[in-house]
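**Student:** Sequence plus predicted model, see below.
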Amino acid sequence: MSTSNIVRSPAGSSTPSPANPFTSTADLPRAPDGFIQFIAPDGQLRTDTDVDRDALGRLTRDLYRGMRLARRLDDEAFALQRQGELGLWLQCRGQEAAQVGSIAAVRADDYVFPSYREHAAALWRGIRPADLLRQWRGVANSGWDPEPYSFHIYTLVLAAQLLHATGYALGVQRDGSDTVVVAYFGDGAASEGDASEAMNIAATNDAPVLFFCQDNHWAISTASSSQSRTPIHRRGAGFGLRSEWVDGNDVLAVYAVTSALTEHVRSGGGPALIEATTYRMGGHSTSDDPTRYRTDSELEAWRAKDPLARVEALLRAEGWSDTAFLDEIQAEADELADRTRRECLALQAPDLADAFATVLADVPQLLQEEHDAFVAYRDSFLD
Ligand SMILES: Cc1ncc(C[n+]2csc(CCOP(=O)(O)OP(=O)(O)O)c2C)c(N)n1
Ligand SMILES: [Mg+2]
C-alpha cells in the first residue's frame, strides 16, 4: 500500500517523565466543589499531604515548562491561521494543565489516542511543530507517524477514538504487555454512543484503558451543563470503572490523579475514568465566534483560574523559580515559536495526484483511468 501521505520524519525527543512525589489518591485534598485540587486559584498549595517538597518543586517546574511551551505554540499557530497560513486551528488555551499534567504522569510508551485539541500533550511527546500543523494547513491527511511517539493521529469524528483505544487495549491485553492506553475526549464527545460503548466494552473486558475527559464547558456552542444531568465522572460507576474528578486547571492535581489511576489500570485493576474540569478560553476553532453564545463575565471568571498564572503564583510563593529559570523558559518558548513559523511556511502542498494512491492497496482499472484523466487535466494547465 502506498504510504505517500503518511509522514515519516524522525521522532523528536519526548520530554522525560518527572519523578512522581505522589503515591495514592487516598489522601489527596479536595476543594469545596468536591474535585481534587492541590493549588487553589490564588496559587496557594492546599495540601498538607505527605509529599517530598523538593521533588514537588522539581515536578512543578517541569510541568510549568511544558505548559508555557504549549501556550506559545498555540498562540503562534493561532496567529498563523489569522495570517492565512493555516486553514483552521483549534486552540488549547486554558487546557494546558489538564493535558500536560496527564501526559507527564503516564509512561512514554503508554499509547495515547487524542481527540483534536491535545497539542500540549503532543508537544510533550516530542511531536514537531511542522507535524502538528500540516493537517491544519491542508497539506496532508494527518500529521505524524504514531508509532515512534506512541501517540495516535488526531481523530475528528467525536468519540471514535474511544473505541479505537479500547480495541487497541484488547490487543495490548492479549500481548501480555503492561502498556496503558490513554484516550482523551471532550464533554460533547461524552454524549456520543461510541463513548458509552467504549467504556462498557472496556469495563466488561478489563481492558487497560484510561479514559480522560476534558470538560471544557462547551461543545462548540452547546454548554456541557445542557448535555448531562450528572457530572461525567459519575457515569463511571455505572459501567464499573474506577473514576475520579479533578480540577483540570490544577496541573499538580491532574498529575497526581492520573499517576494513581494509571497505576490502577497497569496493575490489572481494570479501566478507569478521569473527569478534568477545565475551560476552553478561545473559540471552538478559528472559524467560531464564541461571543455569540457565552458572556464576557464567564470568560473573566475563568481567566482568574488560568492554569499558568496559578502555577506562576505557586512557584513564586514557594521560592521554586528564579529569574534564570524564567528567562530560560522564555528563550525556549521564543525559539519554539520561531521554529513553528519557519516549519509551517516551509510546508509544501502535495501533488493532488497522490490522493489516488492512498485509496486502495491494489489500484483497479477504473481508479487508474481516473488518475490518468486527472493528471492529463492538471497538465493541460502547464502552458
Ligand atoms: C460524530 C461527530 N458529530 C459531530 C461533529 C461536529 N463537531 C466537531 S467538534 C464538536 C464539539 C465537540 O465538543 P467536545 O467533545 O466538548 O470537545 P471540545 O471541542 O470542547 O474540545 C462537534 C459537535 C463531529 N466532529 N463528529
Ligand atoms: Mg468541550
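**Tutor:** Looks like it came in fine. Ligands and ions are numbered 1, 2, ... in the order given.

**Student:** need the contact list for the residue in the stretch 151-300 of the chain that ligand 2 sits nearest to.
**Tutor:** Per CB to the ion, residue 186 is where the stretch 151-300 of the chain lies closest to ligand 2, at 3.8 Å. The C-beta positions use only the backbone N, C-alpha and C, and glycine is treated the same way. Residue 186 sits next to 115, 117, 158, 213, 214, 215, 216, 219 when contact means CB atoms under 8 Å, 6 or more residues apart in numbering.

**Student:** The same query, at a cut-off of 7 Å, please.
**Tutor:** Residue 186 makes contact with 115, 214, 216, 219 under the criterion CB atoms under 7 Å, 6 or more residues apart in numbering.

**Student:** Just put those residues in JSON lines and tack on pLDDT.
**Tutor:** Shown next, in JSON lines, are those (pLDDT from 0 to 100):
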{"residue": "115", "pLDDT": "98"}
{"residue": "214", "pLDDT": "98"}
{"residue": "216", "pLDDT": "98"}
{"residue": "219", "pLDDT": "98"}
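
**Student:** so which of the residues you listed also contact ligand 2?
**Tutor:** 216, 219 (CB under 5 Å from the ion).

**Student:** Highest neighbour count among the contacts of residue 186?
**Tutor:** When neighbours are taken as other CB atoms under 10 Å, the top entry among the contacts of residue 186 is residue 214 (28 neighbours).

**Student:** After the helix or strand that one falls within, which helix or strand is next?
**Tutor:** Per DSSP states H and E: residue 214 is located in strand 209-215. Per DSSP H and E, the first helix or strand lying C-terminal to strand 209-215 is strand 218-219.

**Student:** And ligand 1, is that following strand touching that?
**Tutor:** Yes - contact between strand 218-219 and ligand 1, assessed by CB under 6 Å from any ligand atom, occurs at 218, 219.

**Student:** Distance from the chain centre to the helix or strand following that strand, please.
**Tutor:** Per DSSP H and E, the first helix or strand lying C-terminal to strand 218-219 is strand 222-223. Counting by CA atoms, centre = their mean, to the nearest Å, strand 222-223 is centred 20 Å from the centre of its parent chain.

**Student:** Need the residues that contact strand 222-223.
**Tutor:** Outside strand 222-223, the residues that touch it by CB under 7 Å, 6+ apart are 188, 217.

**Student:** ok, back up a step: what strands line up against the strand holding residue 214, and which way round?
**Tutor:** Here strand 209-215 is paired, per DSSP bridges, with strand 181-186 (parallel), strand 272-277 (parallel).

**Student:** could the ones you listed be laid out in JSON lines, adding mean pLDDT?
**Tutor:** JSON lines is the format used below for the strands paired with strand 209-215 (pLDDT from 0 to 100):
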{"stretch": "strand 181-186", "mean pLDDT": "98"}
{"stretch": "strand 272-277", "mean pLDDT": "98"}
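
**Student:** Out of those, which gets nearest to residue 234?
**Tutor:** In terms of CB to CB, the element of the strands paired with strand 209-215 nearest to residue 234 is strand 272-277, at 8.5 Å.

**Student:** If we go by neighbour counts, what in whatever helix or strand comes next after the closest one is buried?
**Tutor:** Sequence order places helix 296-303 as the next helix or strand after strand 272-277, per DSSP H and E. Residues 299, 302 are the ones in helix 296-303 that count as buried (16 or more other CB atoms under 10 Å).

**Student:** Could I have the CA atoms of helix 296-303 written out in CSV?
**Tutor:** The C-alpha trace of helix 296-303 is given here as CSV (Å, rounded to 0.1, in the frame of the first residue of the first chain):
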residue,chain,number,x,y,z
ASP,A,296,-17.7,38.1,28.9
SER,A,297,-18.2,37.6,32.6
GLU,A,298,-18.0,33.8,32.2
LEU,A,299,-14.7,34.2,30.4
GLU,A,300,-13.4,36.7,33.0
ALA,A,301,-14.2,34.3,35.8
TRP,A,302,-12.2,31.6,34.1
ARG,A,303,-9.3,33.9,33.3
